[in-house]
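# predicted model and sequence follow; I will ask about them next.
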Amino acid sequence: MGLVHLLRAVAVEFDLLGAEFAARHGLHPTDVRALIHLLDAAREDSLATPGRLGERLSLNSAGTTALIDRLERLGLIRRTRDTADRRRVLLHVEEKAQELGWAFFGPVINDVRGVAEEFDAHELETVRRFLTSALDATRRTS
């Protein structure tokens, strides 16, 4: 149970950071989660669509549209038509959002990267395996 409690504590701290970031920039915590999902999609080189975003955030169509409208109005994301399928809308995170994120989260990211440098490759692989399995278990539950 000790690992579960530590993992929960890390999750709570990240959630508090996300809430502080949201408050500083006039965002809702769901806006921050949406930006994270869109950044993850870009990093994984997968298409980010309103439907996928709504599914990831457990929002209905109207809620997803309102969220996208709000983020677009703030200049944090943009919508484009998919060139392969003009019916499909794709979502992209704007540089402004990335800059705001790095300005706020950069120091903690660098600190965590520094902590990771204290572990050898085998230890990091064990941590990666554990976190991946914990994430999979959490997703199966929800």
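Received the coordinates, thanks. Residues are numbered from 1 along each chain as shown.
# what ranges does this protein have for its helices?
Secondary structure of the chain (DSSP state H): helices at 2-24, 29-43, 50-57, 61-73, 95-116, 121-141.
# the second one: how far from the chain's middle?
Spelled out, it's helix 29-43. Helix 29-43 sits 4 Å away from the centroid of its parent chain (CA atoms, centre = their mean, to the nearest Å).
# mind listing what's buried in it?
31-35, 37-38, 41 (16 or more other CB atoms under 10 Å). No exception for glycine: its C-beta is placed from N, CA and C like everyone else's.
# still on that earlier bit, between the helices of the chain, which one is nearest to residue 87?
helix 50-57 (11.6 Å; CB to CB).
# CA atoms only for the closest one - export them in CSV, please.
Taking Å, rounded to 0.1, in the frame of the first residue of the first chain, the C-alpha atoms of helix 50-57 are listed here in CSV:
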residue,chain,number,x,y,z
PRO,A,50,-13.0,16.6,-30.9
GLY,A,51,-14.6,13.2,-30.5
ARG,A,52,-11.4,11.6,-29.1
LEU,A,53,-10.9,14.6,-26.8
GLY,A,54,-14.5,14.4,-25.5
GLU,A,55,-14.1,10.6,-25.0
ARG,A,56,-10.8,11.1,-23.0
LEU,A,57,-12.4,13.8,-20.8
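# pLDDT below threshold where in the protein?
Scanning the chain for pLDDT under 70 picks out 142.
# which non-adjacent residue is nearest residue 60?
Counting by CB to CB, 6 or more residues apart in numbering, residue 60 lies nearest to residue 54, which is 6.9 Å off, once chain neighbours are set aside.
# quick check: that neighbour touching residue 63?
Yes. Applying CB atoms under 8 Å, one finds residue 54 in contact with residue 63, separated by 7.1 Å.
# thank you, goodbye.
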